[in-house]
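Student: using only what follows, build the 3D model:
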Amino acid sequence: MTLCAAILAGTALGQESAPPGLLRGVLLSWSATAGAGAFTFLGFENHVYSCSYDQKTYLERDSLPITFARAEKGDRLEVVTDRPAGSSRCYARTVHILENPRTYLTPGVRPRPKASATFATVTPHGDLTFTGVVVRVTPAILTLRSRSGEHKLIHLRPDTRFLGEGQVADAGSLRANTTVFVRGGKNLDDEVEAYQVIWGEILHPEE
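Tutor: Have a look, this model is predicted:
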């Protein structure tokens, strides 16, 4: 299915509030009022998800912060979603607009899309997510306690990104007993590494 056809098919389906976690999809629409609003995107198996955002949502393209005014329908998204306590409504903590694959043409050779190495280098794509309370943080290790009480050791990289209250932060800003969301993956030694650590209060966007 082409991107255009997928968008048209998606808009014909009912919307549902996106579940918490790390989701990828294609931007369908968005609305904004005084820095807050909502957007819809076409996700896995043609699910159309809706999600709200506000001034504390971190939105970026090419590793630079932007606003939804610079987003375009059809943009590929990677969204870290959450839900405020006692609510079933999706809230976007971070939205990454992914670079579209580039096509390189060589005479006599079938065109092949090739992803930009810049984005892959600056922002690794992790397939693991964790939520827990910070027990201890050092320059090299983040120790989390899950809801079940299990302790998880997560290695911090030199390029691990920290987002606190929607703003870029550093490891020194992270305190014990803070609830965080971690996106990461495993290195060659089969150790879990953090690519992104996010924390902060979820604010309800203005209606």
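Student: by mean pLDDT, flag the weakest helix or strand of this protein.
Tutor: Evaluated with mean pLDDT, DSSP states H and E, the helix-and-strand set of the chain has its lowest mean pLDDT in helix 117-122, which scores a mean of 37.
Student: can you list the strands that the helix or strand that it is followed by pairs with?
Tutor: Using DSSP states H and E, the helix or strand that directly follows helix 117-122 along the chain is strand 128-137. Here strand 128-137 has these sheet partners by DSSP bridges: strand 141-145 (antiparallel), strand 179-186 (antiparallel).
Student: and those strands: which comes nearest Asp62?
Tutor: For the strands paired with strand 128-137, the distance to Asp62 is smallest for strand 179-186, at 18.3 Å, taking C-beta to C-beta. Bear in mind the C-beta positions are built from the backbone N, C-alpha and C, glycine included.
Student: which ones are touching the closest residue to Ser17 other than its chain neighbours?
Tutor: The shortest distance from Ser17 to any non-neighbouring residue, by C-beta to C-beta, 6 or more residues apart in numbering, is to Cys90 (4.4 Å). Neighbour list for Cys90: Ser17, Ala18, Pro19, Pro20, Tyr49, Ser50, Cys51, Ser52, Thr81, Asp82, Arg83 [criterion: C-beta atoms under 8 Å, 6 or more residues apart in numbering].
Student: of those, closest to Trp199?
Tutor: Using C-beta to C-beta, the shortest approach to Trp199 within the contacts of Cys90 belongs to Asp82, at 10.7 Å.
Student: okay, domains of this protein per the record?
Tutor: Per automatic domain parsing, the domain ranges recorded for the chain read 3-98, 128-199.
Student: looking at these, which one has the lowest mean pLDDT?
Tutor: For the domains of the chain, the bottom mean pLDDT is recorded on domain 3-98, which sits at a mean of 83.
Student: for it, what is the distance to the chain centroid?
Tutor: 10 Å (C-alpha atoms, centre = their mean, to the nearest Å).
Student: report the contact partners of the residue nearest to Val134 when sequence neighbours are not counted.
Tutor: Distance criterion C-beta to C-beta, 6+ apart; nearest residue to Val134, sequence neighbours excluded, is Thr178 at 4.8 Å. By C-beta under 8 Å, 6+ apart, the contact set of Thr178 is Val133, Val134, Trp199.
Student: what's the distance between the last one and Arg136?
Tutor: The reference is to Trp199. 15 Å (C-beta to C-beta, to the nearest Å).
Student: those two: which is more packed in?
Tutor: The residue with more neighbours, out of Trp199 and Arg136 and counting by other C-beta atoms under 10 Å, is Trp199; that gives 19 against 12.
Student: ok, the closest residue to that one other than its chain neighbours - contacts?
Tutor: Setting aside the residues directly before and after it, Trp199 is nearest to Val180 in space (C-beta to C-beta, 6+ apart), at 4.4 Å. If a contact means C-beta under 8 Å, 6+ apart, then Val180 has Thr131, Gly132, Val133, Val134, Leu144, Leu174, Val197, Ile198, Trp199 as its contacts.
Student: scan the residues you listed and report the most crowded one.
Tutor: Val197 (26 neighbours).
Student: what's opposite that residue in the beta bridge?
Tutor: Phe162, Val182.
Student: quick one: it from Pro84, how far?
Tutor: To Pro84, Val197 is 20 Å away according to C-beta to C-beta.
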